[in-house]
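> how would this look folded up:
(chains A and B)
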There are 2 protein chains.
Amino acid sequence: MTEPLRLGIAGLGTVGTGVVRIVQRHAQILERRAGRPVEITAVSARTRDKDRGIRIASYAWEDDPVALARRDDVDVLVELMGGSDGPAKAAVEAAIAAGKDVVTANKAMLAVHGQALAEAAEANGAVLRFEAAVAGGIPVVKALTEGLAGNEVMRVMGVMNGTCNYILTRMESAGLTYEEVFAEAKALGYLEADPTLDVGGIDAGHKLALLTAIAFGTRVDFDAVAIEGIERVSIDDIRQAADMGFRIKLLGVAQMTGRGLECRMSPCLVPAGSSLGQLEAATNMVVLEGDAAGQIVLQGAGAGEGPTASAVMSDVLDLARGTRLSTFGQPAASMEAAPAASASAPAPYYLRLALVDKPGALARIATALGDAGISIDRMRQYGHAEAVAPVLIVTHRTSRAALDQAVAGMDATGVVSGSPVALRIEEV
Amino acid sequence: MTEPLRLGIAGLGTVGTGVVRIVQRHAQILERRAGRPVEITAVSARTRDKDRGIRIASYAWEDDPVALARRDDVDVLVELMGGSDGPAKAAVEAAIAAGKDVVTANKAMLAVHGQALAEAAEANGAVLRFEAAVAGGIPVVKALTEGLAGNEVMRVMGVMNGTCNYILTRMESAGLTYEEVFAEAKALGYLEADPTLDVGGIDAGHKLALLTAIAFGTRVDFDAVAIEGIERVSIDDIRQAADMGFRIKLLGVAQMTGRGLECRMSPCLVPAGSSLGQLEAATNMVVLEGDAAGQIVLQGAGAGEGPTASAVMSDVLDLARGTRLSTFGQPAASMEAAPAASASAPAPYYLRLALVDKPGALARIATALGDAGISIDRMRQYGHAEAVAPVLIVTHRTSRAALDQAVAGMDATGVVSGSPVALRIEEV
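Residues are numbered from 1 along each chain as shown, chains lettered A, B, ... in the order given. Purely as a prediction, here's the structure:
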């Protein structure tokens, strides 16, 4: 096979521009590695005349990405427009209907429509791949789908939204509140137009839904991801967790338990000395646990022109080399609905509460925990000038149900001001 | 393609046993992922009757691995015997000659004969893959060959011998000498029959030679790897490097510089806070730097039954799924000899010396550095009860040639007892 692989690029934002740059700059390298040239034949974007710092005049132009997808001189649609529906989905569907392969970075589209699109691709003999949709330049889709193909996957964890990790680590290093760092990040242009996608955990939740489907061979189900953002993480929690040897991360965890498939994206405590605990700034990290391989940790840039374009090119080179894989590592039609977890796996928890300073108050809290069957690993009451004392508790492993019962019991004592903060401690 | 992929396993040591276990235990998972069954049809090992804790009675037995490789009911030879020559090479050559695909974990064989074997495989339409030969369960060959296929690779670094990292970290944590930890490791069975392969850096050098070929598209050339083992690393260096914020690792580095391809495996200092610096015990870590992806860090178990068998199965599943890649990511015949580096890239260096306690001694050392054009980043002279004072110097970036000149200059001053220790500080 020595004919060129002909790409049609839909979307010339940061990532699309990056892909064009790589194809142009590395033409020789790519041809040597693929055994055939990789070329761009046509492009599509919202605006034609815009200085992107790249030469696109030699490519055919299409205003309509669907028309791009259908062109006879396009072998692979590279979809880099984004958005779960609309033109991105229409173009991908058109390409698949025409039996063409698709490479996309669109996590939102795949998290919502991935199952249907993968089945359509399969039915039409097309390949649909998405390395760039998860954790930017880290080849985690490949590591999980192919590298760990001989493993039963036990758990997948990850920090997969760089903006959230930037905010959390910046709060800690600069001693700023969530609101202060949020404003800072906004001013620096780090946040999406709709920041809820980032700080609300949606974007990271999309990514986790995709990794979960590969890891456990279950149908892509974004609605099954229990999502909690970082908006309520306080500088007090960050400081006091640090004092107990932990750091707070927006952590995605998917694991198959005796009670079903658990899948959640939420602020968690992890040991400060662990790989996840040491993760700084906007870097991403994914931890894969296989029954044979053990724990594999992958770290790198989760966003940006170069890293994301690199991931797109990984899929493109696979196609150029003739590698044809199922979207989620097994035939989409054979994927089954995940058994929804009836409860999250037991874990230690971190509790922070404001205790009214009167005799017997701490005893009542300890009793509420004991009544719920929860034993205490560590407890600290801090010195205080006001009428309430900050109290931190790290429990031994317990169920969320027991924890909720204990928190309700604490509320009922009347010695707790406000409601206790409860965060899961993920055992990494 | 729904016929089974039929494996012939040559070698039933730790890794071979692990592969048999995975194929037996995960038959359903593998079939779902590959779209076809993966079966073992025949095995070969030195001893037939030995309790390995696995059932092999249903497989055909061959005393001779070459006969195994030639069997009509074997599609893929899985070579897990080891040894750069002898039966392993003979079996692989026989399989390739018969046009059969080969999966191997044999780093020594590939480092020495990889170029010839890859060319032979190509000429015969066979695939030869080796994920398990480098860094055990970490899918680093895949990450580099495929995940970073769109990148020009700038540098590959790694801690790829778990035994050496165990020895170095144990020396530091327990405050023991190299000899003491070596004896300990030997008693625990951590060392190869010929420990020079581990502590002499040979084993890690083999792995680096393979990654270098993929990264830079150059012919596999083990002889081009400059190798220095950990035998001369002292507990003093470990402690004093730590005091300056560094840790000592047996670090492999391959990088293309203006002066050619530099490839070395040697004890280096890395910042204690870096990912490499934080690597504990027998864990492996590989750092890949691409022009687009930036820095990708991969970490996991570098040896052991499960991790290594997992890597073997990654290659097997690729073949079962119909993925057919060149051994080193591009046609072997197109790989060119590496331009040998005339000198290593400039770097900061760590110098430790024993200074004779007399007036003007330190000035003479500083003069020797200045005469060689080397400027000092940090210098410490430690308190001392004896006639010589320990002096540590961290230089600014300099060439190895200038450093050697400075060290010769120091020797000539007559105020240095013994010869200075010089270790490269790798900028990670």
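> low-confidence ranges in chain A?
A:1 (pLDDT under 70).
> so where do the helices sit in it?
A:14-25, A:27-34, A:65-70, A:86-97, A:107-123, A:140-142, A:162-174, A:178-187, A:196-199, A:202-216, A:235-243, A:305-320, A:361-371, A:400-413 (DSSP state H).
> Now tabulate the ones you listed in CSV and tack on mean neighbour count.
The C-beta positions use only the backbone N, C-alpha and C, and glycine is treated the same way. Listed next are the helices of chain A as CSV, based on neighbours: other CB atoms under 10 Å in any protein chain shown:
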stretch, mean neighbour count
helix A:14-25, 22
helix A:27-34, 18
helix A:65-70, 22
helix A:86-97, 21
helix A:107-123, 22
helix A:140-142, 28
helix A:162-174, 21
helix A:178-187, 16
helix A:196-199, 20
helix A:202-216, 27
helix A:235-243, 17
helix A:305-320, 27
helix A:361-371, 17
helix A:400-413, 17
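> Out of the ones you listed, which gets nearest to chain B?
helix A:305-320 (2.6 Å; CB to the nearest CB).
> Kindly export the closest one (C-alpha atoms) in CSV.
The C-alpha coordinates for helix A:305-320 follow below in CSV (Å, rounded to 0.1, in the frame of the first residue of the first chain):
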residue,chain,number,x,y,z
GLU,A,305,-2.1,22.5,20.3
GLY,A,306,1.0,20.2,20.1
PRO,A,307,-0.1,17.5,22.5
THR,A,308,-3.6,17.1,21.2
ALA,A,309,-2.4,17.2,17.6
SER,A,310,0.1,14.5,18.5
ALA,A,311,-2.7,12.3,19.7
VAL,A,312,-4.7,12.9,16.5
MET,A,313,-1.7,12.0,14.5
SER,A,314,-1.3,8.7,16.4
ASP,A,315,-4.7,7.6,15.2
VAL,A,316,-3.9,8.9,11.7
LEU,A,317,-0.7,6.9,11.6
ASP,A,318,-2.5,3.8,12.8
LEU,A,319,-4.8,4.1,9.8
ALA,A,320,-2.0,4.9,7.4
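> between the helices of chain A, which gets nearest to residue B:10?
Checking these against residue B:10 by CB to CB gives helix A:140-142 as the closest, at 28.0 Å.
> how about the helices of chain A in CSV, adding distance to chain B?
Below are the helices of chain A laid out as CSV (distance: least, CB to the nearest CB, whole Å):
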stretch, distance to chain B
helix A:14-25, 5
helix A:27-34, 5
helix A:65-70, 21
helix A:86-97, 19
helix A:107-123, 11
helix A:140-142, 5
helix A:162-174, 12
helix A:178-187, 21
helix A:196-199, 20
helix A:202-216, 10
helix A:235-243, 16
helix A:305-320, 3
helix A:361-371, 34
helix A:400-413, 30
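> Name the nearest residue to residue A:3, sequence neighbours excluded.
Once flanking residues are discounted, residue A:3 sits nearest to residue A:36: 6.4 Å by CB to CB, 6 or more residues apart in numbering or on different chains.
> about what we covered before: and the helices of chain A: which comes nearest residue B:118?
helix A:27-34 (14.3 Å).
> so how far is the closest one off the chain centroid?
31 Å (CA atoms, centre = their mean, to the nearest Å).
> got it, and stretch A:392-410?
28 Å.
> cool, stretch A:275-286 as well?
12 Å.
> Which parts of chain A belong to which domain?
If you go by automatic domain parsing, the domain ranges for chain A are A:5-133, A:140-301, A:349-425.
> For residue B:249, find the nearest of those.
When those are compared (using CB to CB), the closest one is domain A:140-301, at 16.5 Å.
> Residue A:399: what's its closest spatial neighbour, skipping adjacent residues?
residue A:346 (5.2 Å).
> And for the one you found, the neighbour number?
For residue A:346, the neighbour count with other CB atoms under 10 Å in any protein chain shown is 16.
> can you give me phi and psi for it?
Residue A:346 adopts backbone torsions of phi -60, psi 150, taken as degrees, to the nearest 10.
> Give the residue farthest from the middle of chain A.
In terms of distance from the mean C-alpha position of chain A, residue A:359 ranks first, at 46.3 Å (CA atoms, centre = their mean).
> what about it, distance to residue A:352?
22 Å (CB to CB, to the nearest Å).
> what residues are up against the nearest residue to residue A:365 once chain neighbours are set aside?
Nearest residue to residue A:365 in three dimensions, chain neighbours excluded: residue A:410, at 5.7 Å (CB to CB, 6+ apart). Listed by CB atoms under 8 Å, 6 or more residues apart in numbering or on different chains, the contact partners of residue A:410 are A:353, A:364, A:365, A:368, A:416, A:420.
> can you rerun that using 6 Å?
The contact partners of residue A:410, taken as CB atoms under 6 Å, 6 or more residues apart in numbering or on different chains, are A:365, A:368, A:416, A:420.
> for residue A:79, same thing?
A:10, A:88, A:91, A:92, A:104, A:106.
> Repeat that for residue A:126.
For residue A:126, counting by CB under 6 Å, 6+ apart, the contacting residues are A:96, A:99, A:100, A:101.
> again with residue A:371
Contacts of residue A:371 by CB under 6 Å, 6+ apart are residue A:409.
> Around chain B, pick out the residues from the stretch 251-400 of chain A.
A:292-294, A:296-301, A:306-307, A:309-310, A:313-314, A:317, A:323, A:329-330 (CB under 6 Å from any CB of the partner chain).
> swap the cut-off to 7 Å and go again
A:275, A:278, A:290, A:292-301, A:306-307, A:309-310, A:313-314, A:317-318, A:321-325, A:329-331, A:334 (CB under 7 Å from any CB of the partner chain).
> of these, buried ones?
If you count burial by 16 or more other CB atoms under 10 Å in any protein chain shown, the buried members of those come out as A:275, A:278, A:290, A:292-301, A:306-307, A:309-310, A:313-314, A:317-318, A:321, A:323, A:325, A:329-331.
> can you give me the end-to-end distance of stretch A:383-393?
15 Å (CA to CA, to the nearest Å).
> what comes up buried for it?
Within stretch A:383-393, judged by 16+ other CB under 10 Å, the buried ones are A:388, A:389, A:390, A:391, A:392, A:393.
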